[in-house]
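Chemist: What would the 3D arrangement of this be:
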Amino acid sequence: MSEVLEKIKSRRSIRRFKPDPVPQELLDQIIEAGAYAASGMGRQSAIIIQVTNKEIRDKLSAANAAVMGRADGSDPFYGAPAVLIVLAKKGGTGVYDGSLAMGNLMLAAHDLGLGSCWIHRAKEEFETDEGKALLKSLGITEEYEGIGHCILGYVDGEYPQPAPRKENRIFYLK
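Modeler: Now for the predicted structure:
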């Protein structure tokens, strides 16, 4: 089996990270993989925002927890030191384009020895005044919708084993 297929089969969502920072060189490679994701008609509607500043990362985590209805100080980013936020232009194939970018980010992270997990609620987070202000502060003025947060870092503990694949999920018309 090809190396790519092996990586696809062995990647798992990680929910426990070491606090060690992720080197920028690795983040750049992961971001590049996201930028090369397939997109509807080649429009490349997805954008990626890298967050490694702990203060901003913690604010985003708190905002994400608030959307989830948790004000108990929980960290929906599971201690990950890096977050890649994927947004896509509203309408058209944006949600699909952003989802493909998220998949590429997670596979690239796995290939480079990092753990990752897709954290939802980016849509709601970037519909708030705070989310819109963050985008505006970066010069992002077009209408974008949050797709997800790809949290990244070094795995703390054992790497999870894959669950057995469910039966009756694949059908053939020959």
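Chemist: only C-alpha atoms for contact and neighbour calcs from this point on.
Modeler: Will do.
Chemist: Quick one: the strands in this structure, in order.
Modeler: With DSSP state E as the criterion, the chain has strands at 46-51, 82-89, 115-119, 144-153.
Chemist: Given the longest one, what are its sheet partners and their directions?
Modeler: When sheet partners are counted by DSSP bridges, strand 144-153 sits next to strand 82-89 (antiparallel), strand 115-119 (antiparallel).
Chemist: which residues make contact with that strand from outside it?
Modeler: 17-22, 77, 80-90, 95, 98-99, 102, 105-106, 109, 114-127 (C-alpha atoms under 8 Å, 6 or more residues apart in numbering).
Chemist: Pull out the buried residues from stretch 109-128.
Modeler: 109-111, 114-126 (16 or more other C-alpha atoms under 10 Å).
Chemist: just those now: which is nearest I170?
Modeler: Within those, distances to I170 taken as C-alpha to C-alpha reach their minimum at W118, with 24.4 Å.
Chemist: so what's the closest one up against?
Modeler: Contacts of W118 (C-alpha under 8 Å, 6+ apart): 13, 102, 106, 148-151.
Chemist: Roughly how far does it sit from K89?
Modeler: 19 Å (C-alpha to C-alpha, to the nearest Å).
Chemist: does P160 really touch R16, like I thought?
Modeler: No - between P160 and R16 there is no contact under C-alpha atoms under 8 Å: 10.8 Å.
Chemist: Can you name the residues bridging to the residue nearest the centre of the chain?
Modeler: Nearest residue to the geometric centre of the chain (C-alpha atoms, centre = their mean): C150, 1.9 Å. Beta bridges link C150 to L84, W118 when assigned by DSSP bridges.
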